[in-house]
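Novice: Take this sequence and fold it.
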Amino acid sequence: MVLSLVALTRTGAAQYAHSARFRPAPELAPGDRVRVLIRPPWYVRTRGPSPRITGELIDYAPLDSLTIRRTGLRVPWQPEIGTVYWPDIGRIDVPHGRNTLGGLGLGAGVAAGTVLTIAFYCKIWAGEHCMSQAWQLSRRVVYIAIPAGAVWGFFSTRWKRVY
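Specialist: So this is what the prediction gives:
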């Protein structure tokens, strides 16, 4: 019984991976802004995020290749225009608005982390007289971190997966 459940689960996962890999190509046009995550070869083990190219789509041949002009910051030795062949594509994303709420959440998380760190320090090493100063400093951090996170979120982009 258990073996049959394991076999069914593995078969379902394999079918999902196969269908996800060979689903229809997205409707993109030259001039669209895209972010392409490149799948490393099977013999290369990587940790962390896979390499990606972000820029303006120049040439689009569905199920064959993408040609992208890089925009934004890049290192000088990278080519300005890159071609990615379809088997190497791990994911294609398009912009999906601003990330202001995510930035607010990031600012609130930084503020909460700072407050907890200061309170921990005051409780363990500095004694009770430190707590009033800690709350004043925490209030200042909150007044700076949350708006800074909102600004960061406004200038960053949310991405929506299309392939």
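
Novice: so where's the longest helix in the chain?
Specialist: Assignment by DSSP state H gives helix 130-155 as the longest helix of the chain.

Novice: Just the CA atoms of the helix or strand following it, as PDB, please.
Specialist: Downstream of helix 130-155, the first helix or strand assigned by DSSP states H and E is strand 157-161. Coordinates of the C-alpha atoms in strand 157-161 are reproduced here as PDB (Å, rounded to 0.1, in the frame of the first residue of the first chain):
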ATOM      1  CA  THR A 157       9.200  45.900  -9.400                       C
ATOM      2  CA  ARG A 158       7.000  42.900  -8.700                       C
ATOM      3  CA  TRP A 159       7.400  40.200 -11.300                       C
ATOM      4  CA  LYS A 160       4.700  37.800 -12.600                       C
ATOM      5  CA  ARG A 161       5.700  34.400 -14.000                       C
END
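
Novice: in strand 157-161, what's buried?
Specialist: Of the residues in strand 157-161, those with enough neighbours to count as buried (16 or more other CB atoms under 10 Å) are W159. The way it works is simple: take the backbone N, C-alpha and C, and place the C-beta from them, glycine included.

Novice: other SSEs contacting that strand?
Specialist: strand 89-98 (3 or more CB pairs under 8 Å, 6 or more residues apart in numbering; DSSP states H and E).

Novice: Next, the angle from the helix or strand following the strand it packs on to helix 130-155.
Specialist: Scanning the chain past strand 89-98 towards its C-terminal end, the next helix or strand to appear is helix 100-121 (assignment: DSSP H and E). Inter-element angle recorded for helix 100-121 and helix 130-155: 160 degrees (by axes from the mean of the first three to the mean of the last three CA atoms, to 10 degrees).
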